[in-house]
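Asker: For reference, the sequence and a predicted model appear below.
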Amino acid sequence: MSNRSLEDALQEAGNPVEMLRNSQIGAYIYPVVPPEFTNWRDEQRAWRASAVLYDQSHHMAEIMISGPDTLDLIARLGINSVADFSVDRAKHFVPCNHDGRVIGDVIMLPHGEIQVLLVGRVPTVNWVQFHAETGDHDVTIDRDDRSPSRPGARAVVRKRYRFQIQGPNAPMIIEQLNGGPVDPIEFFRLGQIEVAGRTVRALRHGMAGAPGIEIWGPYEDYDLVREAIVDAGAQFGLVQVGSRAYATNTLESGWIPSPLPAVYSGDEMKAYRQWLPATGYEASGSIGGSFVSDDIEDYYLTPYELGYGSYVKFDHDFIGRDALQKIADQPHRRKVTFEWNPDDVARVWASMLDHDGHNYKYIDVPLSNYTSATYDRVTRNGETVGISMFGGYTFNERMMLSLGIVDPDVEEGDQLVLVWGEEDGGTRKTTVERHEQTEIRVRVAPVPYSRMAREAYAEGWRTHGGV
């Protein structure tokens, strides 16, 4: 039935963990943008060595909120304070469920005193839309979903293009586009530049630690603006980044993109689950990895664990406030980078060539995730002390890395063990071949891993300060 809800699907499945660990959604696809423009190694290297163009026009959902109660809605849902709201200041917006567990995160871009644009992954956009439609806030919404993963022959049209220009040569490219010097824009603040005769909004950003901006505008200007950027960047070594390399920049800069949205349990969340469709992200997404629990809430994370603790402001009433206030002063698991032992990684890869030996789970490169939300056990003396959540290879560091969380007593430099692969030969996910589990040694390293990112970013979610 077309009107089946997530709640219906969960009731039929019996256990959300079983449903999600055996999802048939298949591989996650970054739509429309070609996998590679040159090769993913050179594309990764360019964001450190020269400059890159990220085409972000297709893989994120957007929702524009307008009306006199816009900020009231944002304040009600987000852990962030809106007391410092201004039309030139972006925010990393993070909502939680009633128990203080994270639903997701997006970037909030003001478009006026009573209008904001939220850009990011679907779970947060869904949560905001639900409250806008079912609450008593005087707002209107305009939603633009991510482009289809497999559009076939269908034309793909968005409301807005979105590009990022990043890297050490980005300032020269931006000045070339603007036809002269650009008024300085502080980190995570908004300004504007001229591009191909258009005045476009610009967000000062830093996806991999290097300086740069994100710009956006009407989709009908997509080709005009993109070609202008490519032309301006030619003399400064600009490299276009394909979808294979794009997602790996976060391994160096420290953002965990896809924790499981904390929506599958709790009576207070039931109305939301009944609103969500049985065909949506929350129902069809997948959990994978060596961490297994029958309790779906063991997969939920708090803002403190994801590095968003500095965002939590108790100057307003928001969903999850009471729960977070109770744990605010307690020790928390924290976000780290894991360095994977090269010999162990090579051993896993070598099993692909061993006809009669071990068959370990394939480690894909440059991105090694094979599920919507990854949860691999990280152990010390056989005891779980952390979770690895987003992994891949960075040519800049010549290293397999992953982002995750560890217990409070784990220290930087500690040697731990990551359990690679799934239990009992693997779940029924289409992305999982039959295999056996193995152990990969990992070293606890800083986050962000890139020294450039650690030193260049303003104090924020990557550096444990506030935005």
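Answerer: Here it is on my side, so go on. Since the structure is predicted, the reported quantities are computational estimates derived from the model, not experimental observations.

Asker: where do the helices sit along the stretch 101-250 of the chain?
Answerer: Here the stretch 101-250 of the chain has its helices, by DSSP state H, counting those that start in this stretch, at 122-134, 170-178, 222-233, 243-246, 249-253.

Asker: Report the central residue of this structure.
Answerer: Per CA atoms, centre = their mean, the C-alpha nearest to the average position across the chain is that of Pro257, at 2.2 Å.

Asker: residue contacts, that residue?
Answerer: With CB atoms under 8 Å, 6 or more residues apart in numbering as the criterion, the residues that contact Pro257 are Arg121, Ala247, Thr250, Phe390. Where C-beta positions appear, they are placed from N, C-alpha and C, glycine not excepted.

Asker: make it 7 Å
Answerer: Contacts for Pro257 (CB atoms under 7 Å, 6 or more residues apart in numbering) come out as Thr250, Phe390.

Asker: what's the following helix or strand after the host helix or strand of Gly391?
Answerer: Counting by DSSP states H and E, the element that carries Gly391 is strand 383-394. Read in the C-terminal direction, the helix or strand following strand 383-394 is strand 399-406, with elements assigned using DSSP H and E.

Asker: mean confidence score for that following strand?
Answerer: For strand 399-406, the mean per-residue pLDDT is 98.

Asker: what's the spacing between it and its chain's center?
Answerer: Taking CA atoms, centre = their mean, to the nearest Å, one finds the center of strand 399-406 at 14 Å from the center of the full chain.

Asker: before we move on, what about stretch 201-219?
Answerer: Distance, stretch centre to chain centre, for stretch 201-219: 16 Å (CA atoms, centre = their mean).

Asker: what do you get for stretch 252-265?
Answerer: On the basis of CA atoms, centre = their mean, the separation between the geometric centre of stretch 252-265 and that of its chain is 7 Å.

Asker: start to end distance for it?
Answerer: Distance across stretch 252-265, first residue to last, is 33 Å (CA to CA, to the nearest Å).

Asker: Quick check, Pro303 in contact with Val312.
Answerer: Yes - assessed by CB atoms under 7 Å, Pro303 is found in contact with Val312 at 5.6 Å.

Asker: CA atoms of stretch 266-276 as PDB?
Answerer: In PDB, the C-alpha atoms belonging to stretch 266-276 read as follows (Å, rounded to 0.1, in the frame of the first residue of the first chain):
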ATOM      1  CA  GLY A 266      10.100   6.000  21.900                       C
ATOM      2  CA  ASP A 267       6.400   6.800  22.300                       C
ATOM      3  CA  GLU A 268       7.000  10.500  21.800                       C
ATOM      4  CA  MET A 269       8.400   9.700  18.400                       C
ATOM      5  CA  LYS A 270       5.600   7.500  17.300                       C
ATOM      6  CA  ALA A 271       3.600  10.200  15.500                       C
ATOM      7  CA  TYR A 272       6.700  11.000  13.500                       C
ATOM      8  CA  ARG A 273       7.200   7.400  12.500                       C
ATOM      9  CA  GLN A 274       3.600   7.300  11.400                       C
ATOM     10  CA  TRP A 275       4.200  10.400   9.300                       C
ATOM     11  CA  LEU A 276       7.400   9.000   7.600                       C
END
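
Asker: Flag every buried residue along that stretch.
Answerer: In terms of neighbour count (16 or more other CB atoms under 10 Å), stretch 266-276 has its buried residues at Met269, Tyr272, Arg273, Trp275, Leu276.

Asker: Could you export the residues you listed as JSON lines, including distance to Pro261 and pLDDT?
Answerer: As requested, the buried residues of stretch 266-276 are arranged in JSON lines below (distance: CB to CB, whole Å; pLDDT from 0 to 100):
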{"residue": "Met269", "distance to Pro261": "10", "pLDDT": "98"}
{"residue": "Tyr272", "distance to Pro261": "10", "pLDDT": "98"}
{"residue": "Arg273", "distance to Pro261": "11", "pLDDT": "98"}
{"residue": "Trp275", "distance to Pro261": "14", "pLDDT": "98"}
{"residue": "Leu276", "distance to Pro261": "10", "pLDDT": "98"}
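
Asker: Looking at those, which are in helices?
Answerer: With DSSP state H as the criterion, helices contain Tyr272, Arg273, Trp275 from among those.

Asker: The last one and Asp8: what is the separation?
Answerer: The gap separating Trp275 from Asp8 is 12 Å, by CB to CB, to the nearest Å.

Asker: cool, Gly285 as well?
Answerer: When distances are taken as CB to CB, Gly285 and Asp8 turn out to be 16 Å apart.

Asker: and if you look at Tyr311?
Answerer: Relative to Asp8, Tyr311 is positioned 34 Å away (CB to CB).

Asker: now do Pro151
Answerer: The spacing between Pro151 and Asp8, counted by CB to CB, is 28 Å.

Asker: Between the two, point out the one with more neighbours.
Answerer: When Pro151 and Asp8 are compared on other CB atoms under 10 Å, the one with more neighbours turns out to be Asp8, at 17 against 12.

Asker: Now do the phi/psi pair for the more buried one.
Answerer: Listed backbone geometry of Asp8 is phi -60, psi -40, with angles given as degrees, to the nearest 10.

Asker: tell me the contacts of it?
Answerer: Under the criterion of CB under 7 Å, 6+ apart, the contact list for Asp8 reads Ala278.
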